[in-house]
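In: Below are the sequence and a predicted model for it; my questions follow.
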Amino acid sequence: MYLEQRGYQDLSIVDGSGDGGRDVVCSREDLRIQLSVRKDWETKINDEAFKTLSSGKHHLIFVTNRSIGPDAEQHFLSTNYNQKGRVDLTIADLRRISTALARPGVIRRSYEMLGMSVPLELHADPKDIAISTVLMFSQEARELHNEVIEANLRAQLLKRPDISEPELIRHLSDSIPGVNIERAARSALSRLRIAGRVQQVANRFRLSDVELEIMQAAETEFLAARRADVKALVELTGLESDAAGELLDIALELLVRGRDFDGQGPIEAALSNFIAAHGLSRKRSGVFEVLAASATARLRQYGATVDQIFSANSFDIYRALGRRTDLSLVLDASVAMPVLFGLAFGEAKSRFGMAAMALKRACDAHGIKMVVPRPYLNEMAAHGLSALDRLDVYNALPDEARGPLRASENAYISHYTHIAEHLRRKGDDLSLKDFLRYFGISSGKSLGSVENKIQTVLDNHNIKILPNAYYDKDIWDLIQKQKMFQVKLLIDHDASVVTMLKNEDMKGFILDTWDKVMIDLVEELARVYADTPARVIDFLSMAAGEEFETDQSYELMATLLHIDERAAAPLAQKIDKIRSVTQAYKLDEFVREARESKGATWTLSPQDVAPFIDKPEPIVNLDDRLN
């Protein structure tokens with residue numbers, strides 16, 4: 001686990017000789033890794049270092065369950081290490097391992113392997129909370145996130161002109177980590193096309209002439225700076241140009257991330273191995289000085305900020321949402337129905353189906369449960385029975401008159417119409433009667449029976465039902481004032497859900513709804529993040545999943561070469577300000593500002609709705625069963 005967390009891949013333990021050690025092989029063939037439980041760790045290290053040199057390698061990683069203090073380690077390296085200058089040594093002792101496995105992104109697996117449960121509330125200082133909140137919520141972070149994806153799209157088009165959209169999206173997804181990158185990439189490609197920076201010709205994409213010229217100029221400038229840096233390294237080290245270029249490339253991966261050359265990790269290990277293999281250990285300080293002063297290192301100005309954006313993971317979400325580790329995404333009926341239809345008929349590839357899958361992927365990646373309160377399950381069943389009442393009328397309509405029913409106020413009819421059109425294009429046929437029957441909706445079925453069947457379908461997709469709860473009269477009055485013409489039972493439902501969210505604050509909830517009244521009320525009364533489906537997907541997609549533990553492998557250099565620095569500067573400045581704050585109360589301003597992403601005048605716009613379903617309608621006119 002420790003080695004995985006440090007970024008080493010394809011790890012496999014090799015049977016040992018019974019001397020208290022085991023070899024580990026990984027994707028890197030230029031180093032040796034040894035696991036050891038020996039008390040005489042100094043002797044063991046010297047033995048393994050000799051084997052490392054004998055095998056033609058120059059870097060040993062020694063992982064031990066012994067606690068080796070800094071003084072003891074330094075004394076060994078300076079006086080007793082036999083392969084000094086020939087084999088570079090990295091020691092990972094008990095304390096380093098314990099610290100690494102307590103980090104966000106790996107702590108959950110650590111606890112589970114030890115048979116322990118993860119605490120429901122994280123320990124985090126105010127600065128960590130403020131930075132996570134800014135990374136997850138702020139407009140500056142979203143703009144930089146979008147800019148990075150656009151820059152990588154343009155970089156891909158520079159390397160691969162006249163490429164199809166599926167190929168372009170696939171290459172981008174391979175180069176950038178995260179959740180739902182494909183969704184963000186399609187949006188970015190659309191923005192670039194609208195701005196005229198990318199052109200589409202016969203289903204192929206290429207950079208515009210102006211954009212191509214700008215990007216080629218940036219690469220020309222970078223390559224000129226790189227040649228100067230390579231020349232400086234050749235003069236200092238006596239290396240051939242190709243080898244000096246390799247050394248520079250390794251170092252830049254650390255420089256632009258603001259990382260220490262002497263740190264631990266696969267990139268740091270590659271640098272140490274290169275220096276040892278080329279006999280540069282005595283010139284190590286001079287090499288580091290030249291690398292730090294390199295012209296190409298100017299890219300590091302915003303490298304750490306970009307790296308932080310794409311290093312965010314589930315624990316940033318936990319910190320931004322009150323340090324809760326046990327989170328549930330609460331779906332109201334208007335969201336739960338499209339999600340239900342999308343998951344059940346995902347192969348139709350409708351827009352709401354794809355959005356439902358994106359939402360489910362994001363929740364799964366972050367270990368967030370999806371739940372539906374029982375009052376909203378009741379509304380879902382009532383909508384289905386209302387659709388059944390219209391079945392004969394629907395069947396009597398000619399085919400050409402059914403298309404507009406995509407805008408029907410009834411969710412089942414609206415979404416069925418869309419799904420059926422997609423299935424017909426694939427040569428499949430689905431009647432409205434069969435669609436309803438899948439959810440237990442047929443003649444003679446009671447409301448309770450339909451609820452039971454829908455609950456079963458939801459459960460098949462690991463979406464659970466929350467039990468009924470009483471409602472607070474004051475909360476009911478607040479909702480009724482803003483929904484004066486709403487059916488009373490629906491107000492009862494909303495009031496019971498808001499009361500539950502307020503009273504069970506320790507459990508950690510996110511409310512997903514189209515209802516602006518509910519969004520504003522929940523965020524005012526409870527410490528709960530509430531927003532529309534499209535915005536919730538974007539929020540959850542800002543961070544990689546909880547299992548995302550390794551160093552980044554995305555093309556950071558290409559990103560920094562082509563991003564607009566004006567997009568990176570605001571977030572970098574804000575994070576620097578947070579880190580310089582000494583009074584905790586001042587951090588609250590950053591948190592409040594980031595959380596107010598919608599602004600005081602926010603209203604639901606077509607742009608909010610379009611990514612999720614085609615023609616959403618508010619759930620206000622239910623069947624008389626709700627009276």
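Out: Nice, thanks for sending it over.
In: Let me see the mean pLDDT of stretch 323-343.
Out: The predicted model assigns stretch 323-343 a mean pLDDT of 85.
In: all strands for the stretch 351-500 of the chain, in order.
Out: Taking DSSP state E, counting those that start in this stretch, the strands of the stretch 351-500 of the chain run over residues 369-373, 463-466.
In: Any buried residues in the last one, and which?
Out: Yep, that's strand 463-466 we're talking about. Of the residues in strand 463-466, 463, 465-466 count as buried by neighbour count, 16 or more other C-beta atoms under 10 Å. Backbone N, C-alpha and C define where each C-beta goes, glycine included.
In: what helices or strands is it leaning on?
Out: If you count contacts as 3 or more C-beta pairs under 8 Å, 6 or more residues apart in numbering; DSSP states H and E, strand 463-466 packs onto strand 369-373, helix 374-389, helix 447-460.
In: can these go into CSV with extra columns for mean pLDDT, distance to residue 318 and mean neighbour count?
Out: CSV is the format used below for those (pLDDT from 0 to 100; distance: least, C-beta to C-beta, whole Å; neighbours: other C-beta atoms under 10 Å):
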stretch, mean pLDDT, distance to residue 318, mean neighbour count
strand 369-373, 93, 14, 21
helix 374-389, 92, 25, 22
helix 447-460, 93, 25, 16
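In: now for those, which one comes closest to residue 261?
Out: Closest to residue 261 of the helices and strands packed on strand 463-466 is strand 369-373 (C-beta to C-beta; 42.8 Å).
In: and the angle for that closest one with helix 447-460?
Out: Strand 369-373 runs at 170 degrees relative to helix 447-460, counting by axes from the mean of the first three to the mean of the last three C-alpha atoms, to 10 degrees.
In: quick one: strand 369-373 to chain centroid distance?
Out: Its chain's C-alpha centre and that of strand 369-373 lie 21 Å apart, by C-alpha atoms, centre = their mean, to the nearest Å.
In: elements contacting it?
Out: strand 328-331, helix 333-344, helix 351-366, strand 463-466, helix 488-503.
In: In PDB, could you pull the C-alpha coordinates for the first one?
Out: This file holds the C-alpha atoms of strand 328-331, laid out as PDB (Å, rounded to 0.1, in the frame of the first residue of the first chain):
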ATOM      1  CA  SER A 328     -25.400  10.500   1.000                       C
ATOM      2  CA  LEU A 329     -26.800  12.200  -2.100                       C
ATOM      3  CA  VAL A 330     -30.500  12.800  -1.500                       C
ATOM      4  CA  LEU A 331     -32.600  12.800  -4.700                       C
END
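In: Give me the neighbour count for the spatially closest residue to residue 366 that is not a sequence neighbour.
Out: Nearest non-adjacent residue to residue 366, counting by C-beta to C-beta, 6 or more residues apart in numbering: residue 314, 4.3 Å away. Residues lying near residue 314 (other C-beta atoms under 10 Å) number 24.
In: Would you agree residue 314 is in contact with residue 364?
Out: No: with contact defined as C-beta atoms under 8 Å, residue 314 does not reach residue 364; the gap is 10.9 Å.
In: All the strands of the protein, in order from the start?
Out: Assigned strands in the chain, in chain order: 12-14, 21-25, 32-36, 59-64, 88-92, 198-201, 204-207, 328-331, 369-373, 463-466, 509-512, 529-531 (criterion: DSSP state E).
In: which of those strands sits most buried?
Out: strand 509-512 (a mean of 26; mean count of other C-beta atoms under 10 Å).
In: So which other helices or strands are in contact with that strand?
Out: Contact here means 3+ C-beta pairs under 8 Å, 6+ apart; on that basis strand 509-512 packs against strand 328-331, helix 488-503, helix 516-525, strand 529-531, helix 533-540.
In: rerun at 6 Å
Out: Applying 3 or more C-beta pairs under 6 Å, 6 or more residues apart in numbering; DSSP states H and E, we find strand 509-512 packed against strand 328-331.
In: So what touches the strand it packs on?
Out: 363, 368-372, 509-512 (C-beta atoms under 6 Å, 6 or more residues apart in numbering).
In: can the buried residues of strand 463-466 go into JSON lines with extra columns for pLDDT?
Out: Listed next are the buried residues of strand 463-466 as JSON lines, based on pLDDT from 0 to 100:
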{"residue": "463", "pLDDT": "92"}
{"residue": "465", "pLDDT": "93"}
{"residue": "466", "pLDDT": "90"}
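In: returning to that earlier point: can you list the strands of the stretch 351-500 of the chain in JSON lines and add distance to residue 341?
Out: Formatted as JSON lines, those follow (distance: least, C-beta to C-beta, whole Å):
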{"stretch": "strand 369-373", "distance to residue 341": "14"}
{"stretch": "strand 463-466", "distance to residue 341": "13"}
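In: who wins for proximity to residue 446 among those?
Out: Proximity of the strands of the stretch 351-500 of the chain to residue 446 was assessed by C-beta to C-beta; the nearest stretch is strand 463-466, lying at 17.4 Å.
In: Adjacent strands (with direction) for that closest one?
Out: strand 369-373 (parallel) (DSSP bridges).
In: Now do the partner strand against helix 488-503, angle only.
Out: Using the same axes, to 10 degrees: strand 369-373 against helix 488-503 is 140 degrees.
In: send the alpha carbons of strand 369-373 over as CSV?
Out: Below are the C-alpha coordinates for strand 369-373, written out as CSV (Å, rounded to 0.1, in the frame of the first residue of the first chain):
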residue,chain,number,x,y,z
LYS,A,369,-24.5,6.7,-1.2
MET,A,370,-27.5,7.7,-3.4
VAL,A,371,-30.8,7.8,-1.4
VAL,A,372,-34.5,8.7,-2.0
PRO,A,373,-36.7,9.8,0.9
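In: returning to that earlier point: dump the strands of the chain into a markdown table; add distance to residue 523 as well.
Out: Conversion of the strands of the chain to a markdown table gives the following (distance: least, C-beta to C-beta, whole Å):
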| stretch | distance to residue 523 |
| --- | --- |
| strand 12-14 | 49 |
| strand 21-25 | 49 |
| strand 32-36 | 49 |
| strand 59-64 | 47 |
| strand 88-92 | 44 |
| strand 198-201 | 37 |
| strand 204-207 | 40 |
| strand 328-331 | 13 |
| strand 369-373 | 18 |
| strand 463-466 | 19 |
| strand 509-512 | 9 |
| strand 529-531 | 5 |
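In: For the contacts of strand 328-331, give me JSON lines that also has distance to residue 578.
Out: As requested, these are exported to JSON lines (distance: C-beta to C-beta, whole Å):
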{"residue": "363", "distance to residue 578": "28"}
{"residue": "368", "distance to residue 578": "26"}
{"residue": "369", "distance to residue 578": "31"}
{"residue": "370", "distance to residue 578": "32"}
{"residue": "371", "distance to residue 578": "33"}
{"residue": "372", "distance to residue 578": "37"}
{"residue": "509", "distance to residue 578": "26"}
{"residue": "510", "distance to residue 578": "24"}
{"residue": "511", "distance to residue 578": "27"}
{"residue": "512", "distance to residue 578": "29"}
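In: Closest to residue 142 out of these?
Out: The closest of the contacts of strand 328-331, once distances to residue 142 are taken by C-beta to C-beta, is residue 510, at 17.3 Å.
In: who's in contact with the closest one?
Out: Contacts of residue 510 (C-beta under 6 Å, 6+ apart): 329, 529.
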